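Chemist: Next come a sequence and a model predicted from it.
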Amino acid sequence: MTLDGTRTFVVGWERPVVIDPGTADERHLAAILSALGETRPAAILLTHAHPDHAALAPALARETGAAVMMGRGALDPSLDPAIVQRWLEEGEEVETDAGPLRVLATPGHAPEHLAFLWQGDGAPAGGALFVGDLLMGEGDTTLVAPPEGDLAAYLRTLGRIRDLAPGVLYPAHGPPLADPTAAVGRYVAHRRERIEQVFRALQAIGVATPAQLVDSVYGAALHPELHLAAEGSIRAILLYLEEEEGRVRHAGEGRYGALTP
């Protein structure tokens with residue numbers, strides 16, 4: 001479980017939408033239905049297909065008759081695309097009685113990742129942006145790992161959120177972020193620092209696989225359960241250094257080497 005679990009958001013009163021119903025948990029389903037009361041949602045919106053966000057969508061759709069909507073391009077095999085009744089595109093709007101939600105394509109954590117901007121009555125200046133897994137409510141990092149994660153796309157998405165200047169961010173994990181500019185700044189700074197850390201570690205070793213860099217980058221005290229995630233994050237950085245900055249070359253057999261200026 002990430003932080004305190006996945007947060008499900010209900011936007012609207014008489015014809016609301018549900019954002020990210022979460023894991024396939026009967027207690028959570030009951031909690032969503034209790035929050036809805038006698039109303040039935042107009043739609044179930046998924047920021048992306050990861051099971052901690054989307055696995056409950058089929059059951060909630062059966063219970064409420066609401067249409068499941070999300071972006072195209074999901075690579076996660078746990079979601080049956082047959083449950084999706086509307087594929088959302090950049091700039092579309094999903095209507096609620098509290099005002100529309102504007103769809104933003106926000107790839108990086110996953111290729112299909114979407115964020116939803118609400119600027120209806122009661123929203124703060126700049127609107128409220130539901131950001132899924134782009135940022136967490138605590139800390140300064142989120143997982144970006146191939147094949148779903150793309151670091152170049154993720155950094156562009158962070159820049160877009162910064163330029164959009166919403167009034168508040170609602171992550172799917174952890175509390176709201178009341179200062180989006182500061183939060184995005186922390187995430188960009190952390191990722192840039194990690195990029196340089198990986199590059200320096202590769203320079204010191206010469207040629208290495210992502211797995212061989214984990215200890216140098218994260219330290220030997222890294223919990224074994226986090227090793228694969230760390231390896232995936234390093235792989236994303238090496239691909240970024242190779243494809244976007246030209247500071248790394250692929251040396252074959254999953255190995256990378258640092259290029260000298």
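Modeler: Sure thing, it's come through. Residues are numbered from 1 along each chain as shown.

Chemist: can you count the residues close to the residue lying closest to residue 121 once chain neighbours are set aside?
Modeler: For residue 121, ignoring the flanking residues on the chain, the nearest one in space by CB to CB, 6 or more residues apart in numbering is residue 99 at 6.3 Å. (C-beta placed from N, C-alpha, C; glycine too.) Using other CB atoms under 10 Å, residue 99 has 17 neighbouring residues.

Chemist: repeat for residue 138
Modeler: Considering only other CB under 10 Å, residue 138 is surrounded by 12 other residues.

Chemist: Verify the contact between it and residue 183 for me.
Modeler: No - using CB atoms under 8 Å, residue 138 is not in contact with residue 183, being 10.4 Å away.

Chemist: Average pLDDT for the helix or strand hosting residue 238, rounded please.
Modeler: Counting by DSSP states H and E, the element that carries residue 238 is helix 227-243. Averaging pLDDT along helix 227-243 yields 98.

Chemist: Relative to the whole chain's centre, how far out is that helix?
Modeler: Relative to the chain's own centre, helix 227-243 is displaced by 17 Å; criterion: CA atoms, centre = their mean, to the nearest Å.

Chemist: give the contact list for the spatially most central residue of the chain.
Modeler: By CA atoms, centre = their mean, the mean C-alpha position of the chain lies nearest to residue 133, the distance being 2.6 Å. Residues in contact with residue 133 (CB atoms under 8 Å, 6 or more residues apart in numbering) are 47-48, 50, 53, 109-110, 113, 142-143, 171-173.

Chemist: ok, those vs residue 7, which is closest?
Modeler: For these, the residue nearest residue 7 by CB to CB is residue 172; the value is 5.4 Å.

Chemist: Mind checking what secondary structure the nearest residue to residue 156 once chain neighbours are set aside has?
Modeler: Spatial nearest neighbour of residue 156, excluding adjacent residues (CB to CB, 6+ apart): residue 108 at 7.4 Å. Following DSSP: H, G, I helix; E, B strand; the rest coil, the label given to residue 108 is coil.

Chemist: My read is that residue 108 contacts residue 146, right?
Modeler: No - if you go by CB under 8 Å, residue 108 and residue 146 don't touch, sitting 11.7 Å apart.
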